[in-house]
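# All I have is the shape, not the residue letters:
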Ligand code: SF4
Ligand code: SF4
């Protein structure tokens, strides 16, 4: 089917709302971790002035983890793999292009709420500036590595263990996930 660049951005932005990205970003930005930092499209008091397909598709470690933990990361990746012209903080995506599938992301805002509270607690516990930002990068790297070794079960197990250890301080999220899974 044909899809427009604008529609893809709207689909992605809606999905991010369902994921609850705003709740995580609030904690992250307050602690100096904004991924928009230094971007020329960022306007004071307005936010992004040039939303593009690339930034909509991009997930940081925490958002990636939420989709990984709820089994939705593949769905996200498959959808965005169809969108051409993604670049760094801009896109060359055509106005209209072909896609084979839409994007179906379940609402997980209660999980994001739990993760945001866990991150707040980590900020309080760790005086060292940037603790949650370093953790975000470590989780991000491990999930990417996991995606790169689909055919190697031994390696996958090791990386899955790493991710589990990294996510061990997320107590509220773990409880929320236990309640979430049986219903989905
Ligand atoms: S790095 Fe992640 S949590 Fe932080 S502002 Fe960007 S998208 Fe939000
Ligand atoms: S273009 Fe991307 S990095 Fe720049 S302000 Fe917009 S969302 Fe942030």
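Structure's in. What do you need? All figures in this text were calculated on a predicted structure; none of them were measured in a lab. Residues are numbered from 1 along each chain as shown. Ligands and ions are numbered 1, 2, ... in the order given.
# is ligand 1 contacted by the one helix or strand in the chain whose mean pLDDT sits lowest?
Ranked by mean pLDDT, DSSP states H and E, the helix or strand of the chain with the weakest confidence is strand 47-48, at a mean of 92. No. Strand 47-48 does not reach ligand 1 (CB under 6 Å from any ligand atom); its nearest approach is 11.0 Å. (Glycine included, C-beta is placed from N, CA and C.)
# Now find how far off-centre that strand is within its chain.
Mean-position distance between strand 47-48 and its chain equals 18 Å (CA atoms, centre = their mean, to the nearest Å).
# need the next SSE after that strand, C-terminal direction.
helix 53-57 (DSSP states H and E).
# how about that next one, does it reach ligand 2?
Yes. Remark: helix 53-57 sits within contact range of ligand 2 at residue 55, by CB under 6 Å from any ligand atom.
# helices and strands around that helix, which ones?
helix 5-19 (3 or more CB pairs under 8 Å, 6 or more residues apart in numbering; DSSP states H and E).
# which residues of the protein fall in strands?
Applying DSSP state E to the chain gives strands spanning 2-4, 42-43, 47-48, 96-98.
# Columns mean neighbour count and distance to ligand 2 on top of those, output as TSV?
Formatted as TSV, the strands of the chain follow (neighbours: other CB atoms under 10 Å; distance: least, CB to the nearest ligand atom, whole Å):
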stretch	mean neighbour count	distance to ligand 2
strand 2-4	12	19
strand 42-43	13	4
strand 47-48	12	3
strand 96-98	12	20
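# As TSV, those strands with distance to residue 112 would be great.
Below are the strands of the chain laid out as TSV (distance: least, CB to CB, whole Å):
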stretch	distance to residue 112
strand 2-4	27
strand 42-43	22
strand 47-48	19
strand 96-98	30
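# which stretches of the protein have low pLDDT?
181-184 (pLDDT under 70).
# Would you tell me which residues of it are close to ligand 2?
So the chain meets ligand 2 at 36, 39, 41-42, 48, 50-52, 55, 89 (CB under 6 Å from any ligand atom).
# re earlier: ok, the least confident helix or strand of the chain: who's next to it in the sheet?
strand 42-43 (antiparallel) (DSSP bridges).
# I'd like the distance from the residue sitting nearest the centre point of the chain to ligand 2, if you could.
Closest to where the C-alpha atoms of the chain average out (CA atoms, centre = their mean) is residue 63, at 2.4 Å. As defined by CB to the nearest ligand atom, to the nearest Å, residue 63 lies at a distance of 13 Å from ligand 2.
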